[in-house]
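Student: what would the 3D arrangement of this be:
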Amino acid sequence: MTCKRYVKFKLLGLVSHSNISEFAVDDEFIDLLNSVPHHIAEGILEQMMQPKRQIWNPKQVFREQLKDTARIIHKIQHNEKLNYNQRMVRKAIITPTKMYYLGPQLELANRILRTYKAYHNQFMRVTFCDDDFTQMSGVHTDLLFNRIEAIFAAGLPVAGKTFQFLHYSNSSMRTSGCWFISPFFHDEKRVLIDANYVYKTMGDFTGINNPATLGARMAQCFSSTTVTGKMADERIRYIPDIEKNGFCFSDGVGRIGKTVAFNNCGELKKYMRVRGRLPSAFQFRMAGAKGVLTVDHNIPRNEVHLRPSQVKFKSGHYALEVCRTSFYSPGYLNHQYVILLETLGVHKQVFLDLRDETIRDLDRALQNPADAIKVLSENQDEEGVCHTLITMIKAGFFDAKEPYLMNLLKLFRALQLRELKRRAKILVKQGCTLIGVMDESGKLPAGNLFVQFTNPLTDAREIVKGRAAIMRAPCLHPGDVQVVDCVDIPELHHLVDVVVFSQHGERPLPDMLSGGDLDGDTFFVTWDPRLIPKKTHKPMDYAAAAPAHPQGSNIAQVRRHFINYLKNNNLGQIDNAWKAWADKSDIGARDPRALRLAELHSDAVDFAKKGIPAIMESALRPKTWPDYMEKPEAKSYRSEKAAGEIYRSVSVDLELSKEFQPLPQLIFPGYEQYLQDARDQKMQYDTEICALMNQYSIKSEFELVSGYIFKLSELELKKRPQELKEQVMHAVLAIQRRYRERFWTQDLVPNQDKSLLMNKESVIGFETPLPREICCKASAWYMAAYNPSETQVHRDDPGEENEETIAADRRRKANEKSDAEYERIDWDMRGQFYSFPWILYDVLSNLYRQSCPSKEDYLGGYEYAQQTSDSNWQSGKYKPGTFDEATERILKVAGYDTMWS
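Tutor: Okay, the predicted model is just below:
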C-alpha cells in the first residue's frame, strides 16, 4: 500500500527526523493519509514535523489536526500564489549514516527554477555533511564520499522518483550543496527534461577547458536572483576593458543607463528592500555575463554596456537578473581586521576603547529613545528591521514601554553583544562597507578613492576627504590593509553608497586587497584616525594558479570536481589556523606561518574556480588555540591580544518582557466589527510563523521576525550567520507582505493599485489622521494579539524529545564550549505570539500619535472619534491640517480624497 509522492516525501521527513517511528507507518496510517486530499495530508504532516520531538501516536495527532483544515488550506493557497521570483523547494541532507528530508521551504528563485516554474517539485536541493551536520571531516569521510559517488552514478531515489545530479551555485558549493533533478515530461515543449537537456539550454560553454571553471560558469544560472525585465539585444553594447601592466582595472564592472536603472529599481521594490530613489550600482546576471553595472549619466538612458571581463559564456537569455543593489552598510571590525590592524601597529587600547563605546551605546539604547534611534540608525540592516523600530520609537512607543518594541530592542542589544564577544564585531562610526565600482570618467587619480555615503543619522549625503584605511574580507595578509587618500571629484557626485576606484596606476587597488575585483566585492573603508595604520605592508601577489586539466572538460569532469572540492575544501581550517598562529606570535600576522597560511587561503578561495586544492602542511596545524575561538578548554590558552581581551570582558544577558497589555490609545471605537476577521488572520499567520520557527529551530518569535537569531538549527550549521539571516528574513517578509496586502481589502482601498501600500518602505506618515475604517481595522488586528483572551496560540503537543537529535546535539557540543549566554536567556513566552499587528507598524504608529494625549495638536482617539461627524469619516475626509507628502501620495493611490476645499 502506498500514498501520493509528495505525501510520501513528508512521511520520509518525519521518519528521518525521528518525529515518528517507521514502525508507526502502518497500513492503517496509510489508509488515513489516503482518505483525505493529498494536499491536506501533506499540510498536516508538515505541521507534525517539529525539531527534537517524537510523536508516539501519529494517527491520533493526524486526526486532531484534521479537525481544523482551514489553516492547512490557507497555507496551500499561499504556496500556489508565490510570485515569479519565489519558489518552494524540497531539500535533503545526506550524512555518512542517514538521510534527512526537509521542506518544501521558501527560497529566492534562480534562472533554472523560473524556467521550469510549473515543475519546481521536480527539483531538490541536496546538502552533504557529517553526522553532526558540520563540514565533512573525521572518521566518516571515506564512507560519505563513497556514498556521494554512488548517488552521483545511480541517482538519488526519493519517494518513488529518482533524482540525478544537476549542478550547484557558487554559494551552495561553499556549503557542500547542489541541485538534483527528477526527469519529467514537459507538457508544452513535448520533451523529456533531464539534466542533459537543462545543460543544453543554459548557454554555449565551448572553449572552457578547465572543469572547475566550466562548473563556475554554469553555476551562474543557479544564483538566487530577482528578474527585473528583459533587455533587447540591440540595447546591449560591448565596450573594451581597461587593461595595463597585465592587470584589468575594470574587472567585472560595466555601465547601465538611467532609464534602465529606474525601471530595475521599480521592479525590485516589489520583491526586496531598495534604499533610496535610485541605487548607483546593481550586481547582476544576464546573457552569460555577471558582475556589477554602475549607473552612468553619459551613456544612452536605455542601454547597458558590458565588458569582456564580465561575459563568461554565450547565452541568449536576456532577462536582467539582479542579485543585490548598492546601499549604505555600516562598517564593522572582525577578528581578521583586528588582528591585521594590531599587526600594523594600531594599539590594543584603541580596540578596547571602541568596545567600551559600543557597550555604552547599547546600554543607553534601552534607556533613552534618542539614543535608541541613534544606535539603530548606525546599525541599519538591509532587511529594514532597524527602520521599523525607529518608526515605532518616533511614534512614542518607547516612552510607553511597548513590550514588543522593547523586546526587539533587548534582543538587538544582546545579539550585538554576542557578536562583539565572539567575533570582535565592533561598529566603526567613521566607516562603512560598500560595493566597489570603477571611475568611468578617468578623473580619479591613482591610489585615491571617491567615497560618498548616506549618513545614517541625517540621511544626507557626505563625501569622505582625507586619509583612510581600506580592506576587504576575508583578509589574512598584512598587505591586505592599504592606506589611501579620499578625494572629492565633482564628476562622480551621482555615485552614492559605493567605493569608486581609480582606473589609473601600476596595479588595481582592489587586486591588492585580498585579490578583489569589481564583480560584486564589498570593501570596508574607515576614516577613523585611530584605525589608520602608521605603516603598511607590501600587498601579496594574488595571481591565480594555472588552471588544471587544460586538455578539455565535460560534465562528468565537473561532477568529479564537485566531489573533489567536497573532499579537499579546507578553507575554514586554514582560516582558524591563521588566527591561532597570528594570535600566538609576537609579530602577529607577519609570522612566517601566518604568511604561508595567507597564501594557502588564497589558493583555497580559488580552488572552486581553478580546481587546484590548497595543501596544508602538518606543521601549520596548531596544537593550542586562543580562548576566543572557543575550542575545548584543554587545548585553549588565554589570549593577550585585543580579540582575547574583548572576548573575556563581554557578557551577554537577556530577559524578555512577558507582560503584554493593550495600550488604550490603540483601542479605537468600532474595532469590534473587524475583530473576528482579525482573529482568523492572526491564527493563520501564527501557524505560518510557528512553522518557520520549527523549520529553523528558532525558540523565539522575536528572533524570527527580526533576524536577530541567537542559535542556528543543527541542520543549518554549515551556513554563515548572515546567509541564514537573509534566508529567514526572506521567508518572514514574504509572509508579512502577504498579510499586509490582506489588510488593504477592497472596502478599505477602492483603487486596485495597492503596490505603494504593500511596500514596507512606503510608510504611512505621522502627520495625517487616517480614515476611520483603517483605524478600526488596525485596532482590531492589534486587539487580536494583545487582548489577554486572544493571545494563546494553539500549538499541538508534539511529544517528547527524541534520543537521536539529543545525541546529535551532544556530538556537536563535544567539540565546542557550552553556549553559556544562550542558556542564561529565558525564551519562554508561554506559546504567545505578538508580531501579527506590527505588520502594520506604520499604521499603528500613526494611530498612536494621533491618539496620544501628550500631543497638543491632536485630540485623543476617543475624543476625536466622538467629535468628528460620521459623514466626514465615510467620505474619506479627515481633520483639516497639513498632510505629509508620503501619506498624501499613498492615500491618493488608495482612493481617498486628501484635499480640502
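
Student: show me what the top strand by length along the chain is packed against.
Tutor: Counting by DSSP state E, the longest strand found in the chain is strand 427-438. Identification of packing neighbours for strand 427-438 by 3 or more Cβ pairs under 8 Å, 6 or more residues apart in numbering; DSSP states H and E yields strand 281-286, strand 289-295, strand 330-332, helix 348-364, strand 448-454, strand 498-501, strand 522-526. In short, each C-beta sits where N, CA and C put it, glycine included.

Student: buried stuff in the third one?
Tutor: So the one you mean is strand 330-332. 330, 331, 332 (16 or more other Cβ atoms under 10 Å).

Student: output stretch 181-197 as PDB, nothing but the C-alphas.
Tutor: Listed next in PDB are the C-alpha coordinates belonging to stretch 181-197 (Å, rounded to 0.1, in the frame of the first residue of the first chain):
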ATOM      1  CA  ILE A 181      16.500  16.900 -10.800                       C
ATOM      2  CA  SER A 182      14.000  14.200 -11.300                       C
ATOM      3  CA  PRO A 183      13.500  13.900 -15.100                       C
ATOM      4  CA  PHE A 184      10.000  14.900 -16.200                       C
ATOM      5  CA  PHE A 185       8.000  15.300 -19.400                       C
ATOM      6  CA  HIS A 186       7.300  19.000 -20.300                       C
ATOM      7  CA  ASP A 187       3.600  19.200 -21.500                       C
ATOM      8  CA  GLU A 188       4.100  22.300 -23.700                       C
ATOM      9  CA  LYS A 189       7.500  21.500 -25.100                       C
ATOM     10  CA  ARG A 190       6.600  17.800 -25.600                       C
ATOM     11  CA  VAL A 191      10.100  16.800 -24.500                       C
ATOM     12  CA  LEU A 192      11.800  15.000 -21.600                       C
ATOM     13  CA  ILE A 193      13.500  17.400 -19.300                       C
ATOM     14  CA  ASP A 194      16.600  15.900 -17.600                       C
ATOM     15  CA  ALA A 195      20.000  17.200 -16.600                       C
ATOM     16  CA  ASN A 196      21.500  16.900 -20.100                       C
ATOM     17  CA  TYR A 197      18.500  18.900 -21.600                       C
END
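
Student: who touches it?
Tutor: 116, 119, 122-124, 158, 161-167, 198, 555 (Cβ atoms under 8 Å, 6 or more residues apart in numbering).

Student: between those residues, which sits nearest residue 482?
Tutor: residue 167 (36.8 Å; Cβ to Cβ).

Student: contact partners for that closest one?
Tutor: Contacts for residue 167 (Cβ under 8 Å, 6+ apart) come out as 178, 179, 195, 215, 218, 219, 221, 222, 558.

Student: show me what it is bridged to.
Tutor: residue 179 (DSSP bridges).

Student: surely residue 61 touches residue 48?
Tutor: Yes. Residue 61 sits in contact with residue 48 when judged by Cβ atoms under 8 Å, with a separation of 6.0 Å.

Student: still on that earlier bit, identify whichever of the helices and strands packed on strand 427-438 lies nearest to residue 425.
Tutor: Of those, nearest to residue 425 by Cβ to Cβ is strand 330-332, at 5.0 Å.

Student: any idea which helix or strand comes after that closest one?
Tutor: Next along the chain after strand 330-332, taking DSSP states H and E as the criterion, comes helix 335-343.

Student: of the contacts of stretch 181-197, which is the nearest to residue 689?
Tutor: Relative to residue 689, the closest of the contacts of stretch 181-197 is residue 124; by Cβ to Cβ it sits at 25.4 Å.

Student: partner strands of the strand or helix carrying that closest one and their direction?
Tutor: Assigned by DSSP H and E, residue 124 falls within strand 123-128. In its sheet, strand 123-128 lies beside strand 86-94 (parallel), strand 177-181 (antiparallel), with partners assigned from DSSP bridges.

Student: on contacts alone, who are the packing partners of the following helix or strand past it?
Tutor: Using DSSP H and E, the helix or strand that directly follows strand 123-128 along the chain is helix 141-154. Helix 141-154 sits against strand 86-94, helix 555-568, with contacts defined as 3+ Cβ pairs under 8 Å, 6+ apart.

Student: redo that, cut-off 10 Å
Tutor: Applying 3 or more Cβ pairs under 10 Å, 6 or more residues apart in numbering; DSSP states H and E, one finds that helix 141-154 contacts strand 86-94, strand 123-128, strand 161-167, strand 177-181, helix 555-568.

Student: between these, which one is closest to residue 663.
Tutor: Taking Cβ to Cβ, strand 86-94 is the member of these nearest to residue 663, at 35.0 Å.

Student: got the angle for that closest one vs helix 141-154?
Tutor: 130 degrees (axes from the mean of the first three to the mean of the last three Cα atoms, to 10 degrees).

Student: report the contact partners of the closest residue to residue 308 other than its chain neighbours.
Tutor: For residue 308, ignoring the flanking residues on the chain, the nearest one in space by Cβ to Cβ, 6 or more residues apart in numbering is residue 241 at 5.5 Å. If you count contacts by Cβ atoms under 10 Å, 6 or more residues apart in numbering, residue 241 has them with 248, 249, 250, 251, 252, 253, 254, 307, 308, 309, 310.

Student: residue 241 in helix, strand or coil?
Tutor: Following DSSP: H, G, I helix; E, B strand; the rest coil, the label given to residue 241 is coil.

Student: against residue 249, how distant is it?
Tutor: 8 Å (Cβ to Cβ, to the nearest Å).

Student: give me the common contacts of these two.
Tutor: residue 309.

Student: can you give me the helices for the stretch 1-150 of the chain?
Tutor: 5-16, 27-34, 38-48, 58-66, 70-80, 111-115, 141-154 (DSSP state H, counting those that start in this stretch).

Student: among those, which is nearest residue 437?
Tutor: Nearest of the helices of the stretch 1-150 of the chain to residue 437, taken as Cβ to Cβ: helix 111-115 at 24.4 Å.

Student: so which residues make contact with that closest one?
Tutor: Identification of contacts with helix 111-115 by Cβ under 10 Å, 6+ apart yields 84-87, 89, 107, 109, 119-120, 123, 166-167, 169, 179, 181, 193, 198, 201-202, 220-225, 227, 285-286, 315, 317, 319, 321.

Student: list only buried entries from these.
Tutor: Looks like the contacts of helix 111-115 have 85-87, 89, 107, 109, 119-120, 123, 166-167, 169, 179, 181, 193, 198, 202, 220-225, 227, 285-286, 315, 317, 319, 321 buried, using 16+ other Cβ under 10 Å.
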